[in-house]
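Student: Have a look; sequence and predicted model below, questions after that.
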Number of protein chains: 2
Amino acid sequence: MGKQGVNVGIIGFGTVGTGTARILLENAGVIAKRAGFPVVLKKIADRDITRDRGIPVPEGILTAHADDVLNDPDIDIVVELVGGIHPAKDFILQAIANGKHVVTANKALLATEGADIFAAADQKGVEVCFEAAVAGGIPIIKVLREGLIANNMVSIFGIINGTSNYILTKMTAEKAEFADVLKEAQALGYAEADPTFDIEGIDTAHKLTILASLAYGIPLSFDAVYKEGITKITSEDIAFATELGYKIKLLAITRAVDGQVELRVHPTMVPNDYLISKIDGVFNAIYVEGDAVGATLYYGRGAGDMPTGSAVVADIVDTARTILHGGKRSSGISGSGSAYTIRQMGDVESMYYFRFSALDQPGTLSKISGILGKYNISIASVIQKGRSASSSVPLVVLTHTAKEKDVANAIAEIDAMPVVADKTLVLRVEGKE
Amino acid sequence: MGKQGVNVGIIGFGTVGTGTARILLENAGVIAKRAGFPVVLKKIADRDITRDRGIPVPEGILTAHADDVLNDPDIDIVVELVGGIHPAKDFILQAIANGKHVVTANKALLATEGADIFAAADQKGVEVCFEAAVAGGIPIIKVLREGLIANNMVSIFGIINGTSNYILTKMTAEKAEFADVLKEAQALGYAEADPTFDIEGIDTAHKLTILASLAYGIPLSFDAVYKEGITKITSEDIAFATELGYKIKLLAITRAVDGQVELRVHPTMVPNDYLISKIDGVFNAIYVEGDAVGATLYYGRGAGDMPTGSAVVADIVDTARTILHGGKRSSGISGSGSAYTIRQMGDVESMYYFRFSALDQPGTLSKISGILGKYNISIASVIQKGRSASSSVPLVVLTHTAKEKDVANAIAEIDAMPVVADKTLVLRVEGKE
């Protein structure tokens, strides 16, 4: 007689651990009915087992020792919700070594050390599932790996960091400056005390690394992702974007071009009539275009105890099915054999927004446009407002499609001009030419 | 040694059949790489095997006889893309009887005769998959059945008929009348010569039947769905909706209320700031709210050869995994045992929009509001434009939450008044009170 259900052990009883436990306890009935078997929460390990998490934890399942989960022969699936690199990686490798399947929400770990983990899991014949690592409750991993399996991927554009989307949304709605909104977001718990990963695009790049590997079969390539955060965006840029019919969004972009894959994270001007420009606040959305399915989009909460717990539990049930019925699924993360190479950022083509801080002297626009022309950057439109011979005024230029390395060279040359008072702000622009 | 791949036979070489075949042929490489095994298109049956479908079909796979697919011992999966009830149902039942797994895009068949089909499949131990039956390329079946498995469903609101959404979008953008836009849609191929299923909400109800069964574990209950189409919507109603800050959308709605499930399809006024109000043209979108995940939304093309083919092929690969590894998955469609019963339409509560065609005589508004009050229908706002003592003028009323059966009684009484020149147009309104 085979197994009739699966036992789960959680390591890490923080926000997501609490949400996952709550769902496994409170929704056990509906989960068992749909899955066809029970999922039993057997143990939860955390250094702090005294704090009240607001859920009724059954007697005797809490432990202060991760080993109590990792070495319990009755536990089939270890859920790693500690976060960070160490000891999370050690826990996962130990679980794999012990023949247990793993479910994790740890995007930073997978993006940077995933190759080791998936190799160990493949060798041991266990699964490492990570639906909760990207976009919280949105089942985007399942969508890419299974739902759109028939498609060659054209492109993915994602708003996958709720903190930065919240900040940009607030800056837009309230014409506020970055620093003020960040402080407010921290006070509300939408941004951490050290917000670097969120506002510098690093968290977004972790998630993009995973999405791109699934979409294009390339190895996990976090180091190759171009990363630019939102700290330089001013309310002035947002006002110009609004005037021009755009929203500014921090996008994760991966796109196939001539056998190469772009990997980039940066604030982007998105036309108001694009659905993804309408995604506000802490919500996430991922636009996925496939060669067969065409344009699709997936929207939901990218963080939080219950949304992320929803994704963790979905992974648990899928893995349980493997345990009960056999047929280990591929992670979809592959070390080699992709049809694609990674495109150098310098070769990426885009439209651009430049905000020059130039002294309003005769010939300034002429000199700037001369340099742009020299680097094959063609101007689509210009906005100049206010006049001042002594202080700098913003000069905004939108370009036609140009090459990233030409833009870098042109801007370096322009920023060295005596009439340019401050570094030029550069944004990439999506939309039709 | 087990099987190394699966063989597929398609019955029905129309639009979706052609898209499916094209994907299986052109994307065979990427599919095999991701799946880990090859999927081979072995036969295609259609009455017409001479018409050029614009794809290079391998020698010898076309046949004019469905039996050549159904009785081929080498074929593992039969893909039914004939549409309609008969002979599609007979083909599927024969495939099941022959021990073959089935993939179908046939929403009308599943919604009305699905119980027979799933019972036969369960008895024979084969799968019947139907991702392509709802919302074309959007993997909404997978999302509900697997991605959100941890959730008690709160509600689903879907734009799942591209034809009617195209017509409403055009009516809104061009201030045009229904009949004119329908003609245009027919000329463009967005609406069929007999558009009844699309414009009367029947196709939407077919799909809602499937979604509600998955979401709430209720039996397929097409007959219990309240169905109202878009034929009575005038450009005047759309103008009023616009003025009030709403879009009019044909929505499929299922929602849990006090242990009961609402099942209804009708044109609905949706606030402009709801994401689903921004879904335009032939696109589909499904808003799904779960108790853990919160609000999510899934967007894409709801029809067409390649998008629907994308969903068919995803089902084929999932089914192939079952064939190769074992572990038949549940359809998620259950005949009994749901925690929910179906709510009678008369018990449904909503806000309402009424457009009365009343003669502008003293006391008319007073009489109408008196009748509304008698039925516990509370007025939120009133718009009256133009004055005419001889002909009727539109009188628009928005209500607070009221009960469907009270509304039906009130409107019947109002429409019987001598000063009311024409039947009152009633729309349900979503949004916060």
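Tutor: Looks like it came in fine. Numbers count the residues shown, from 1 in each chain, chains lettered A, B, ... in the order given.
Student: all helices in the stretch 1-150 of chain A, in order from the N-terminus.
Tutor: A:15-26, A:28-35, A:66-70, A:88-97, A:107-124, A:140-142 (DSSP state H, counting those that start in this stretch).
Student: typo on my end, the stretch 151-300 of chain A
Tutor: Counting by DSSP H, counting those that start in this stretch, the helices of the stretch 151-300 of chain A are A:162-174, A:178-188, A:196-199, A:202-216, A:235-244.
Student: nearest to A:Phe118, of these?
Tutor: helix A:202-216 (9.7 Å; CB to CB). The C-beta positions use only the backbone N, C-alpha and C, and glycine is treated the same way.
Student: Secondary structure element holding A:Met351?
Tutor: Per DSSP states H and E: A:Met351 is located in strand A:349-359.
Student: same thing with A:Asn409?
Tutor: helix A:404-415.
Student: what angle separates that helix from strand A:349-359?
Tutor: Using axes from the mean of the first three to the mean of the last three CA atoms, to 10 degrees, the direction of helix A:404-415 lies 0 degrees away from that of strand A:349-359.
Student: What residues sit buried inside helix A:404-415?
Tutor: Buried positions in helix A:404-415, judged by neighbour count with 16 or more other CB atoms under 10 Å in any protein chain shown: A:Glu404, A:Asp406, A:Val407, A:Asn409, A:Ala410, A:Ile411, A:Glu413, A:Ile414.
Student: go on, stretch A:190-208?
Tutor: Residues A:190-191, A:195, A:197-208 are the ones in stretch A:190-208 that count as buried (16+ other CB under 10 Å).
Student: among those, which one has the lowest pLDDT?
Tutor: The member of the buried residues of stretch A:190-208 with the lowest pLDDT is A:Tyr190, at 90.
Student: Adding distance to A:Ser378, write the helices of the stretch 151-300 of chain A out as TSV.
Tutor: Listed next are those as TSV, based on distance: least, CB to CB, whole Å:
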stretch	distance to A:Ser378
helix A:162-174	28
helix A:178-188	31
helix A:196-199	32
helix A:202-216	29
helix A:235-244	17
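Student: do you know which of these lies nearest B:Ala173?
Tutor: Shortest distance between B:Ala173 and the helices of the stretch 151-300 of chain A, using CB to CB, is found for helix A:235-244: 22.5 Å.
Student: for the closest one, the distance to its chain's centre please.
Tutor: Chain-centre distance of helix A:235-244: 25 Å, with CA atoms, centre = their mean, to the nearest Å.
Student: Okay, angle between that helix and helix A:162-174 too, please.
Tutor: Put simply, helix A:235-244 runs at 70 degrees to helix A:162-174, going by the same axes, to 10 degrees.
Student: Nearest to chain B among the buried residues of stretch A:190-208?
Tutor: For the buried residues of stretch A:190-208, the closest approach to chain B (CB to the nearest CB) belongs to A:Tyr190, at 15.3 Å.
Student: Now do the contacts for the closest one.
Tutor: A:Tyr190 is in contact with A:Gly162, A:Thr163, A:Tyr166, A:Val282, counting by CB atoms under 8 Å, 6 or more residues apart in numbering or on different chains.
Student: List the buried residues in the strand holding A:Met351.
Tutor: For strand A:349-359, by 16+ other CB under 10 Å, it's A:Ser350, A:Met351, A:Tyr352, A:Tyr353, A:Phe354, A:Arg355, A:Phe356, A:Ser357, A:Ala358, A:Leu359.
Student: give me the beta-bridge partners of the first one?
Tutor: Taking DSSP bridges, one finds A:Ala402 as the beta-bridge partners of A:Ser350.
Student: got the helices of the stretch 1-150 of chain A as TSV, with mean neighbour count columns?
Tutor: Listed next are the helices of the stretch 1-150 of chain A as TSV, based on neighbours: other CB atoms under 10 Å in any protein chain shown:
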stretch	mean neighbour count
helix A:15-26	24
helix A:28-35	18
helix A:66-70	21
helix A:88-97	21
helix A:107-124	20
helix A:140-142	25
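Student: could the ones you listed go into TSV alongside mean pLDDT and distance to B:Asp258?
Tutor: Below are the helices of the stretch 1-150 of chain A laid out as TSV (pLDDT from 0 to 100; distance: least, CB to CB, whole Å):
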stretch	mean pLDDT	distance to B:Asp258
helix A:15-26	98	19
helix A:28-35	95	17
helix A:66-70	98	40
helix A:88-97	98	43
helix A:107-124	98	40
helix A:140-142	98	32
